[in-house]
Each structure stands twice: as C-alpha cells, then as structure tokens.
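> 3D model of this:
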Amino acid sequence: MSRTQLLIIDPQNDFCDLPATPDNPGATPALPVAGADADMRRTAALIDAAADRLDSITITLDSHHRLDIAHPGFWRRGDGAAVNPFTPITAAQVRAGEFMPRDASALPRTLAYLDELEARGRYTLMVWPVHCEIGSWGHNVHGAVRAAYNRWEEARQATVQKVVKGTNPWTEHYSAVQAEVPADDDPGTALNTALLADIDRHDLVLIAGEASSHCVKASTEHIVQHLPGGRPERLVLLTDCMSPVAGFEAQAETFLATMRAKGVRLMTSADALTLLRA
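As a prediction, the model looks like this:
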C-alpha cells in the first residue's frame, strides 16, 4: 500500500509574517519571511483536506539558545561595537580583527568552525536576529498549522513527529538532516539517520515550510543526497507552501531548478491534493 508523508520544515512563528491580531497580542516575529503566513495557512488547509491520505506528518523545529555563533550576542566588532543582524562574517575578517567573539577564549574554536564551514562551500556564516529561542513564542508552531495537525492526530490516533535542530550553539543547522559542520562531541549535529529512514518508508513525501532559500533548501538537498532508497521523484516541493528570505530569492529559484533537474517534483498544494485524490 502506498504511504504518504507531509514534512513541514520549521513552520514557526518567528519565520512567519503574522499580522497583529487578538490571538497574537504584542508578539513580533524575529525573522519574518514575506508570504510565510499565507504559506502556512495553505499548508494547514492541505492537512485538513487530505487528512485521510496522510499517513504521517513530521515537523522540524529550529531551536536555538540566545547565545549562538550565528546570533549578534556572540560577536563584537574590532572596535567593540555591536554586530548587527544580517552581517556575514568570514574567517579572514576574524583573523584581520574586523570581528571577534565577545568571549576571547572562543576564538580558536570560532576560527576552526569558520574555516571548516567555508571549506565545505555551502554557506558563509550569517549573523541572524535571535530567532526560535527555545521556550519563546517565536519557537512555537504557526497556530493554523498546529490546529490542523492536532485535528489530524485526533482523527488518525497518531502523533506528529517533531524533529529538533539547532540546539548546538557552535554550528549552523539549516538542514533537518545534518548541521553545516557536525560537532564531534554532539551526535545531534550528525547525519540524522533515523529521520532519513522514516522518510524512506514513504512512497510520496510532500515538503512545505520556511524558508525556501535556507532551511527547506538545505533539508531537501540533504534528503536527496542521503535518502537510503534514492528515488527523488518521491519528493514533492509544495511551491505555494514556502517562501524565500528577502534578498535570497535567487538562491531559492536556483534550488527549485536544481531539485527539479534531480527528479524532485514541484507542485502547488492544490495539485498535490488532486494527486492524493487520484
């Protein structure tokens, strides 16, 4: 029997351009992605419409401490000034004294990380606003998505799987499958073989989430690279259930084109519903 999974990457408040409403008093998303609220509402609608065809739902949760190598509080400029969000930092800049970790003793590990990150060629370190801090409102799942998957859980008597990523403050962890630079002393940053095995048990995997330029991109790339049973045509990127971070639209477009070339299918949520009903 064919099995279908919905994989939702980081559908969290901090990434959603949520409007101010009575249900959202005083809460301000830290890293809102334009279009993400509408993306998540379409995702929620798909869960409700296809509930009887979804055999499993997996949610990944970006989960950070306030002090993190990719957050402003970790860094200072050479003159002691604060480092603003959306500042890229390279190993060469740190060696030149342009940027430094606030904790001087962290310098050797910081340089080792930056050197390895740059050698892997996927990303330059980016200082992001503090986001998805563990225990905060921003860490919570978008309300419409949570309500929809709660209805699915009760109707199906099944539990949505939650996959936590990003808790190690010494490495960026865009992908749900593996940190950008796995830490030898932290198995949680290594290749998530349990998640890959779970995905591999399905014949169709619908992928939604935020953002298409970063965490959806990195996760899907790693899934295609490491999925034990291969067959990337099993994966479907729901193009109207994801959006890019502003300024990274080109990266998102390249990602979608690259995945399509590798066999991953691109569909709207409406097209996916038609496929599930066929």
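> Figure out the helix or strand that the closest residue to residue 56 other than its chain neighbours lives in.
Leaving aside its sequence neighbours, residue 56 sits nearest to residue 5 (CB to CB, 6 or more residues apart in numbering; 4.7 Å). From N, CA and C alone the C-beta is placed, and that goes for glycine too. Using DSSP states H and E, residue 5 sits within strand 4-9.
> Tell me which other helices or strands that strand touches.
helix 36-49, strand 56-62, helix 193-200, strand 204-209, helix 215-226 (3 or more CB pairs under 8 Å, 6 or more residues apart in numbering; DSSP states H and E).
> ok, it: who's next to it in the sheet?
strand 56-62 (parallel), strand 204-209 (parallel) (DSSP bridges).
> one step back: run through the bridge partners of the residue nearest to residue 56.
The partner residues for residue 5, given DSSP bridges, come to residue 56, residue 205.
> Give the full set of residues in contact with it.
54-58, 198-199, 202, 204-206 (CB atoms under 8 Å, 6 or more residues apart in numbering).
> Of those residues, which is the nearest to residue 168?
residue 58 (20.7 Å; CB to CB).
> do you know how far the residue lying closest to the closest one once chain neighbours are set aside is from residue 93?
Nearest residue to residue 58, sequence neighbours excluded (CB to CB, 6+ apart): residue 161, at 4.5 Å. The gap separating residue 161 from residue 93 is 40 Å, by CB to CB, to the nearest Å.
> So the residue nearest to residue 58 sits against residue 201, correct?
No. Using CB atoms under 8 Å, residue 161 is not in contact with residue 201; the gap is 11.8 Å.
> Run through the stretch 1-150 of the chain and note the low-pLDDT ranges.
Regions of the stretch 1-150 of the chain meeting the criterion pLDDT under 70 cover residues 1, 20-26.
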